[in-house]
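*Asks:* sequence first, predicted model second:
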Amino acid sequence: MVTPEDIKEYVKKIPPTPAILNQTILYVNAGDLSKAAKTAEEDLALKAYLKTLVNRPIYGFRNEITELPQIFSILGANAAKQSLYNYLLTLLSPKKWVLFKMNQHLFCDLQADLSRNWHNILVHLGVDDKDIESAITLLPSSIIICEALFKDNIENVQLLRSAKNLDYNTILKRLTKLDLFDISKYISKVWQMPESVGTILLASSGIKPSADEDLNKLAKWMHLLLFYQLSKPQFIEAGLNDFVEFNTDYVMDIYEDFMKLMEVQS
Amino acid sequence: MRAIVKDGIGIFYPQGFLDGNNAPSYLTIEDINATEHLKVDMLLVSLKKVIFFNLNGLDVFVKLLLRMRTKNHIAIGICDYDQKKYEAIMTYYKDSLSFSLFKTAKIAELFSSSYTVKDKTVLLYSSDPSQRSALAIELYDHGHNPVIAQTKEEFDEKSMHEDTYYVVIENTRLGLMGQKVATRVTGNAIIYTVSGFLDAEIGNTFNIAYHTNSLNVGFRLFIFDAYKVISMNVHAVNFLAKLSSSAAEYNATICFVGMTFEKTPITFKNELEDSGLMFFENMDDILKDKDLLEELGGSSVAVVKNKRSLTKTIVQELSEFIDATVSTIEMMTNAKAVKKSATMQTLVIENIEDKMASSIGFYGDIDGMIILIFPKEVAKKSCALLIGEETDDINQILDALAEFVNIIGGRTKTLLSEKKISVDITLPRTYATAQSLLDVASSKKGVQVDMSFNDDNFTFFLTR
């Protein structure tokens, strides 16, 4: 089915961060949002993406925001960096989805929902850190990788899953010794994201808790947030609800707090 | 979402949050249709990976379960929950709880007619005396030994020695159980359990496909455990008489055990005896009488020579069976599988020590049986994807082999359907030793194909 060679081939194709985007991120890191906006203007696809992203309902802006300096200024440094990484991830996403019933629009919705909710979680936890804020952007990369590696094996996976309750992540791990989150972590390195991003991401799989208690706690919130999102009707229908295994025990100690923050009523 | 089927139990595994808004998305029309066609004795929803649910969400699944019970006469329920979830379910359904609640899927298995593991000692407690009795009776009926704690104190004390029991049963309730005729295998006899008043409904609740396939794979003794039958009408008599006549074609015997004819016309008994059905007062009269058992055909499946040979159609489709096996091996191991030799012969297993096997039957436009024989170490490698971790636990390996042959059966079914040949597959069967397979299949003629992957050899055998 999927072999270690397939994974090698896949990671070879991961594009480096485009120069303009790289420069924009550097300006954001330095806190110079006006220069960042000016640089981003040079990439029309990036400009269009940021406009679409921030005008989604979850961002809650009443009037349409069209100018990049305005977008960067409203978002602030943390959310701006998060949005730039979200754009970077879209460069990896397929033009046509086969394994999951997804499309560009739905994927962008998922990114926006995850990003905004993650932002609210970090505010709730009193965490103000650009790198940690952008860690969420790489979480959906696991979905893109899963699509890429399994899209030619749909029938096999269906047969396998009819006999045993196995998620894609477990299947991949058993076949290749690597799982989706290992590959996501590798991508974070290719894109020169900070080490903490990879650590949180790996722990957010729910199967590899981090020894760093603070990062592990954030990973728990991320794991629960992922399944909160994947329990939305559109993502269940897309086949995403059980693509990785939800570890309820891992998140039990933050569950009540999460439910209050998300205002989920029984 | 599709239910995962194992040992006659189908289980849905939703994940995350389950509410009225998202629950309908888990079950498409195709999923519901597929569920209706499942051949299961029990259908469950697992809450193991559900962190939040409310009544509206759970009710979407419960309605599907209730529909399946009405349509297919199967047992239904919810499993894999903790104390908090159990209390929530009891609150939501306090006045209308007609389905079962099993604390774990492992507990649910004990109540399934198709579950092959029997004779387990379990600790049982329920604060509701009627539930306690109902659970105990069902466990006895399914061949287990419940140790019943009458009080919470007794239960707490006994559960301190948890390791003594196969499982500890609490927070478990039986709803209406399935109306299907329960089936179990004892040695080489198949035992059907029937109860109450037998009427025309037995035609719906009796799994005729399973019975026919059991005849096909060589079973020759079928016993109806009828201790709890109160009476029967002429429709049931006709059904049983037909069953007995058709069994005679296979030289098989059908027995009725434990039925008193106090409330049933004795002419019915005469009529059934005329059709070849035999009556006994006690189960032990058959099972403990070796001579009688042998005479009836229940001492060994192999004693009855199976004269059924492969048909031209099966031989023509041989490549589909082999393709299904090769592609499954390749999918599971990422290694290239190759066919080494193929001959028409009776089953020959060389070096039978340390070999294990699994088989699956198929029936429909064509019928027969696929058998796979592996050295233990090769079986482990073949099933590594299913087992997940290094293990020497024979039950885990056999379990994986059953799943493995089930996948092959499913793939064969698909390949044949592309050629407009419709077949259904039976439950898989496993053999811990090659000898136990030979006891059943040594006289069978078929196509034996020796295969290998990564220099590991295994045997494929296709027979009827």
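*Replies:* Done, it's in. Residues are numbered from 1 along each chain as shown, chains lettered A, B, ... in the order given.

*Asks:* the stretch 301-450 of chain B: helices as residue ranges?
*Replies:* B:312-316, B:318-333, B:376-382, B:384-387, B:394-417, B:434-441 (DSSP state H, counting those that start in this stretch).

*Asks:* buried stuff in the last one?
*Replies:* Buried residues in helix B:434-441, counting neighbours by 16 or more other C-beta atoms under 10 Å in any protein chain shown, are found at B:A434, B:L437, B:L438, B:V440, B:A441. The way it works is simple: take the backbone N, C-alpha and C, and place the C-beta from them, glycine included.

*Asks:* would you mind measuring from the second one to B:Y431?
*Replies:* Using C-beta to C-beta, to the nearest Å, one obtains 4 Å as the distance from B:L437 to B:Y431.

*Asks:* what sits against residue 240?
*Replies:* With no chain named, the answer covers chain A. A:F100, A:M102, A:I143, A:L230 (C-beta atoms under 8 Å, 6 or more residues apart in numbering or on different chains).

*Asks:* try again with chain B
*Replies:* Contacts of B:L240 by C-beta under 8 Å, 6+ apart are B:I202, B:F224, B:I254, B:F256, B:L272, B:S275, B:L277.

*Asks:* quick check: the farthest pair among those?
*Replies:* The span of these, defined through C-beta to C-beta, is set by B:I202 and B:S275 at 15.2 Å.

*Asks:* neighbour count winner among these two?
*Replies:* B:I202 (21 against 17; other C-beta atoms under 10 Å in any protein chain shown).

*Asks:* doesn't B:V194 make contact with the more buried one?
*Replies:* Yes - shown here, B:I202 and B:V194 form a contact pair, counting by C-beta atoms under 8 Å, at 7.2 Å.

*Asks:* ok, now which ones touch B:T121?
*Replies:* B:T121 neighbours (C-beta under 8 Å, 6+ apart): B:H144, B:N145, B:P146, B:V147, B:T164, B:Y165, B:Y166.

*Asks:* try B:T104
*Replies:* With the criterion set at C-beta under 8 Å, 6+ apart, B:T104 makes contact with B:C79, B:D80, B:V167.

*Asks:* for the first one, name its beta-bridge partners.
*Replies:* Looking back up the chat, that one is B:C79. B:S46, B:F102 (DSSP bridges).

*Asks:* can you report how many residues lie near it?
*Replies:* Counted with other C-beta under 10 Å, B:C79 comes out at 23.

*Asks:* quick one: the strands in the stretch 51-200 of chain B?
*Replies:* Remark: strands assigned in the stretch 51-200 of chain B by DSSP state E, counting those that start in this stretch are B:75-79, B:100-102, B:121-124, B:145-148, B:167-169, B:182-186, B:189-198.

*Asks:* including mean pLDDT, could these go into a markdown table?
*Replies:* Below are these laid out as a markdown table (pLDDT from 0 to 100):
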| stretch | mean pLDDT |
| --- | --- |
| strand B:75-79 | 94 |
| strand B:100-102 | 94 |
| strand B:121-124 | 93 |
| strand B:145-148 | 90 |
| strand B:167-169 | 95 |
| strand B:182-186 | 65 |
| strand B:189-198 | 84 |
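
*Asks:* what are the ranges of the helices in the stretch 51-200 of chain B?
*Replies:* According to DSSP H, counting those that start in this stretch, the helices that the stretch 51-200 of chain B contains are B:55-72, B:83-92, B:105-110, B:129-141, B:152-159.
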